[in-house]
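> Here's my sequence, what's the structure:
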Amino acid sequence: MALSSSCSTLKAVNSRWTSPVPKLAALRRHSLLPELRYTPNVKLTATNALRTVEQTTLTEDNKLSTYGSDQEDQESLPKPRILVAEKLGEAGVNLLKDFGDVDCSYELSPEDLKKKVAESDALIVRSGTKVTREVFEAAKGRLKVVGRAGVGIDNVDLQAATEYGCLVVNAPTANTVAAAEHGIALLASMARNVAQADASIKAGMKMGEEQVRRRISRRKTLAIMGFGKVGTEVARRAKGLGMNVISHDPYAPADRARALGVELVSFDQAISTADFISYTCR
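Numbers count the residues shown, from 1 in each chain. As a prediction, the model looks like this:
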């Protein structure tokens with residue numbers, strides 16, 4: 001049935017585009033195409049897809065104009081309700097406000113969250129909010145998408161989301177650079193005894209120069225355990241510091257490692273030869 005319906009739709013679209021309609025013929029003759037716009041929450045059908053073409057006319061100077069207006073259609077549609085359950089950057093919230101009605105309600109109790117999602121089309125969380133099966137049950141199918149502002153989605157019940165037809169999305173590269181920079185910062189702190197020097201000064205003591213410069217990163221070997229997105233960014237920064245970089249990752253592409261001047265080695269070799277070790281989860 002689904003296949004038959006799809007074929008019929010395709011035939012209908014093909015028929016409408018090839019039929020000798022003067023309006024379409026004029027468009028083809030002048031090599032002009034109408035601007036198609038995406039209207040949120042409108043099911044994509046042959047009728048909707050061709051609506052702009054049907055409503056397109058050529059003015060006397062052969063410029064395209066439209067009537068019936070997609071803008072009118074969009075204004076008549078209710079905006080999606082977006083629940084932001086954890087604090088986001090102001091710029092991100094403003095983008096959401098351009099698209100829908102945004103409710104920023106932070107630190108909700110599980111019961112309050114369930115009440116809110118029953119009136120929401122989308123939910124945005126970070127890592128603190130647990131989007132459990134009970135949350136999806138309370139939404140009763142209205143919730144269409146859960147956005148995780150970050151990498152991990154372990155705080156979202158994916159099985160329940162699937163059962164209720166809710167899309168779950170994340171931001172897999174949101175903090176890649178931040179994690180790499182933090183790792184390099186910790187490495188430099190260890191190499192220069194920054195934390196110890198800070199504590200010593202605050203205690204009214206003075207560390208000797210040999211203690212502060214006990215180890216330097218240049219010409220030292222860094223072993224990166226896991227050469228994924230974060231590991232790659234760590235390697236780039238470590239090479240900039242003049243470090244020798246090796247990595248253990250049985251799944252890492254050898255050509256990507258070579259391009260960065262990184263040697264892929266065994267686990268034992270990485271552990272035994274490294275001056276510093278960085279464990280990267282992804």
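> alpha carbons only for contacts and neighbour counts from here, please
OK.
> so where's the stretch 1-150 of the chain uncertain?
Residues of the stretch 1-150 of the chain meeting the criterion pLDDT under 70: 1-76.
> surely residue 237 meets residue 184?
Yes. At 7.3 Å, residue 237 and residue 184 qualify as touching, with contact defined as CA atoms under 8 Å.
> In terms of neighbours, single out the busier of the two.
Neighbour tally, residue 237 and residue 184, criterion other CA atoms under 10 Å: the higher count belongs to residue 184, 19 against 15.
> Give me the pLDDT value at the more buried one.
If you check residue 184, the pLDDT there is 95.
> Just confirm it is within a strand.
No. Residue 184 sits outside any strand when classified using DSSP: H, G, I helix; E, B strand; the rest coil, being helix.
> measure it to residue 224 for me?
According to CA to CA, to the nearest Å, residue 184 and residue 224 sit 12 Å apart.
> how does the chain divide up, domain by domain?
2-76, 81-169, 176-279 (automatic domain parsing).
> where does the stretch 151-282 of the chain dip in pLDDT?
In the stretch 151-282 of the chain (pLDDT under 70), the answer is 207-217, 282.
> which stretches of it form helices?
Here the stretch 151-282 of the chain has its helices, by DSSP state H, counting those that start in this stretch, at 158-163, 176-192, 194-202, 209-212, 229-240, 254-259, 267-273.
> Out of these, indicate the one that is most buried.
Of all those, helix 229-240 has the most neighbours on average by mean count of other CA atoms under 10 Å, namely a mean of 20.
> That one - contacts with which helices or strands?
On a contact count with 3 or more CA pairs under 8 Å, 6 or more residues apart in numbering; DSSP states H and E, helix 229-240 meets helix 176-192, strand 221-225, strand 244-248.
> Let me have the ones you listed in CSV, extended by distance to residue 148.
Compiled in CSV, the helices and strands packed on helix 229-240 are given as follows (distance: least, CA to CA, whole Å):
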stretch, distance to residue 148
helix 176-192, 15
strand 221-225, 26
strand 244-248, 30
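> And these: which comes nearest residue 82?
helix 176-192 (26.4 Å; CA to CA).
> Hmm, residue 103 is touching residue 84, no?
Yes. The criterion here is CA under 8 Å, and residue 103 meets it with residue 84 at 6.0 Å.
> Who has more neighbours out of the two?
residue 84 (21 against 16).
> which residues touch residue 140?
118, 164 (CA atoms under 8 Å, 6 or more residues apart in numbering).
> Quick one: end-to-end distance for stretch 271-281.
17 Å.
> List the buried residues for that stretch?
Using 16 or more other CA atoms under 10 Å as the test for burial, stretch 271-281 gives 271, 274-278, 280.
> Next, the contact list for residue 226, please.
247-249, 252, 279-282.
> Can you tell me which of these lies closest to residue 99?
Of these, the one sitting nearest to residue 99 (CA to CA) turns out to be residue 282, at 32.3 Å.
> what residues are up against residue 254?
Contacts of residue 254 by CA under 8 Å, 6+ apart are residue 264.
> Go again with 10 Å.
262-264 (CA atoms under 10 Å, 6 or more residues apart in numbering).
> Same question for residue 108.
85-86, 114, 116, 129.
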